[in-house]
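S.K.: here are the coordinates; sequence isn't available:
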């Protein structure tokens with residue numbers, strides 16, 4: 001296998017997507033082992049990360065400037081995204097927004113950019129006809145075929161970006177890992193993998209901020225079975241979550257003191273105690289905002305937002321979570337980012353629960 005070097009147009013299109021996507025985020029921060037300035041990307045390499053939102057592909061384009069050496073990528077993408085009228089069908093809108101979506105769909109720019117930068121359309125059988133395929137005995141065959149296509153494209157000289165969960169996280173942590181992902185070890189000669197985790201903060205700013213925590217590039221272990229590797233890798237991704245203002249704020253909301261009611265000052269003291277506890281561990285990524293702003297400043301927008309959505313009461317300068325916040329059974333099988341964003345953000349810290357005395 002020979003590595004495929006990116007040409008001028010490839011670099012231009014990736015940077016164009018990155019430039020366009022910058023309007024969607026409050027910022028994108030990258031965290032690497034030993035605070036390296038670059039992300040090693042020697043071919044062949046599979047970058048394996050969690051799947052949080054439809055914006056994830058745009059986030060990945062922002063990583064291109066960190067990659068050393070420069071390389072090309074292939075990545076699976078939902079088949080409907082590269083079909084006609086995707087924006088208009090997926091995001092029904094009115095007025096000016098509808099006109100803009102129609103113009104973008106008519107230009108065909110989305111399918112063109114995705115295809116040129118390495119996107120491989122894959123079917124999502126569980127969304128529509130999975131029962132029919134399963135009944136006909138074709139579901140496993142179709143999924144296996146898609147892994148083969150991905151490996152063949154990678155073997156032409158491109159690294160791989162892959163979301164091994166196969167779907168968006170429903171609770172904020174890591175979904176079970178698709179076992180077929182491990183088959184790439186045998187299909188791409190000499191391949192290694194680089195784990196990364198995207199910690200979205202949807203609470204602190206008007207736009208989401210994304211924190212990407214990277215692990216070291218390592219070879220696939222020959223000592224683990226596919227099932228064992230899936231469990232091992234799931235926990236590895238969990239360890240790479242970044243402590244952000246959003247998930248720290250959410251963690252404090254679920255402590256017993258806040259359930260009873262605390263002052264804003266005490267709320268920030270609790271948060272600082274937890275933050276200090278995690279910082280002392282030394283191997284956990286901590287968001288840079290904590291060094292540049294006070295907790296009261298960082299929590300101002302989340303407090304206001306939680307009050308507006310009915311998750312938090314603030315009477316007589318005392319913060320107290322509402323029944324809606326703590327009704328976990330109600331949201332047990334829901335997509336928490338929409339139903340209870342505070343439980344969604346708190347769950348990002350699940351891997352650190354054994355380190356925290358206040359975890360409940």
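M.R.: All right, it came through fine. Small disclaimer: the values here were computed from a predicted structure and weren't measured.

S.K.: residue 33 - nearest residue in space that isn't next to it in sequence?
M.R.: Spatial nearest neighbour of residue 33, excluding adjacent residues (Cβ to Cβ, 6 or more residues apart in numbering): residue 216 at 5.4 Å. Heads up, the C-betas are built off the backbone N, CA and C, glycines and all.

S.K.: helix, strand or coil for that neighbour?
M.R.: Under DSSP: H, G, I helix; E, B strand; the rest coil, the three-state class of residue 216 is coil.

S.K.: with residue 74 instead?
M.R.: Per three-state DSSP, residue 74 ends up strand.

S.K.: bridging residues for it?
M.R.: residue 160 (DSSP bridges).

S.K.: that one: how many residues sit nearby?
M.R.: Residues near residue 74, counting by other Cβ atoms under 10 Å, number 24.

S.K.: cool, residue 5 as well?
M.R.: Residue 5: 12 neighbours (other Cβ under 10 Å).

S.K.: surely the residue nearest to residue 33 touches residue 34?
M.R.: No: Residue 216 is beyond contact range of residue 34, at 9.2 Å (criterion: Cβ atoms under 8 Å).

S.K.: tell me, how many residues neighbour the residue nearest to residue 33?
M.R.: Going by other Cβ under 10 Å, the residues that sit close to residue 216 add up to 12.

S.K.: one more: residue 353?
M.R.: 13.

S.K.: gap between it and residue 38?
M.R.: 32 Å (Cβ to Cβ, to the nearest Å).

S.K.: this protein: strands as residue ranges?
M.R.: Per DSSP state E, the chain carries strands over the ranges 27-31, 39-40, 45-49, 67-68, 73-78, 119-122, 159-162, 192-201, 209-214, 218-219, 262-263, 312-315, 318-321.

S.K.: residue ranges of the helices in the stretch 151-300 of the chain, please?
M.R.: With DSSP state H, counting those that start in this stretch, the ranges of helices along the stretch 151-300 of the chain come out as 184-187, 226-239, 245-253, 256-260, 264-279, 289-292, 295-298, 300-308.

S.K.: winner for burial among those?
M.R.: helix 245-253 (a mean of 27; mean count of other Cβ atoms under 10 Å).

S.K.: what sits up against that helix?
M.R.: Applying Cβ atoms under 8 Å, 6 or more residues apart in numbering, the external contacts of helix 245-253 come out as 199-204, 241, 258, 267, 270-271, 274-275, 287, 289-290, 295, 298-299, 302-303, 306, 311-312, 321, 325, 341-346, 348-349, 356, 358-359.

S.K.: cool, stretch 111-119 as well?
M.R.: Contacts for stretch 111-119 (Cβ under 8 Å, 6+ apart): 9-10, 13-14, 16-17, 57, 61, 72-77, 81-83, 86, 153, 158, 161.

S.K.: buried set for that stretch?
M.R.: Neighbour-count burial for stretch 111-119 flags 111, 113-114, 117-119 (criterion: 16 or more other Cβ atoms under 10 Å).

S.K.: among those, which lie within helices?
M.R.: Those of the buried residues of stretch 111-119 mapping onto helices are 111, 113-114, per DSSP state H.

S.K.: before we move on, back to that, would you format the buried residues of stretch 111-119 as JSON lines with distance to residue 28 and pLDDT included?
M.R.: Putting those into JSON lines (distance: Cβ to Cβ, whole Å; pLDDT from 0 to 100) gives the following:
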{"residue": "111", "distance to residue 28": "24", "pLDDT": "85"}
{"residue": "113", "distance to residue 28": "18", "pLDDT": "82"}
{"residue": "114", "distance to residue 28": "19", "pLDDT": "83"}
{"residue": "117", "distance to residue 28": "17", "pLDDT": "83"}
{"residue": "118", "distance to residue 28": "20", "pLDDT": "86"}
{"residue": "119", "distance to residue 28": "20", "pLDDT": "86"}
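
S.K.: which two of those have the greatest separation?
M.R.: 111 and 118 (13.0 Å; Cβ to Cβ).

S.K.: which residue packs closest to residue 79, ignoring adjacent ones?
M.R.: Nearest non-adjacent residue to residue 79 (Cβ to Cβ, 6+ apart): residue 121, at 4.2 Å.

S.K.: do residue 259 as well
M.R.: Per Cβ to Cβ, 6+ apart, closest to residue 259 is residue 321, 5.6 Å.

S.K.: just to check, that neighbour is in contact with residue 254?
M.R.: Yes: counting by Cβ under 8 Å, residue 321 sits close enough to residue 254 to count as a contact (7.5 Å).

S.K.: surely residue 192 meets residue 218?
M.R.: Yes: counting by Cβ under 8 Å, residue 218 is a contact partner of residue 192 at 6.2 Å.

S.K.: okay, these two: which has more neighbours?
M.R.: Comparing residue 192 with residue 218 by other Cβ under 10 Å, the one with more neighbours is residue 192, at 18 against 11.
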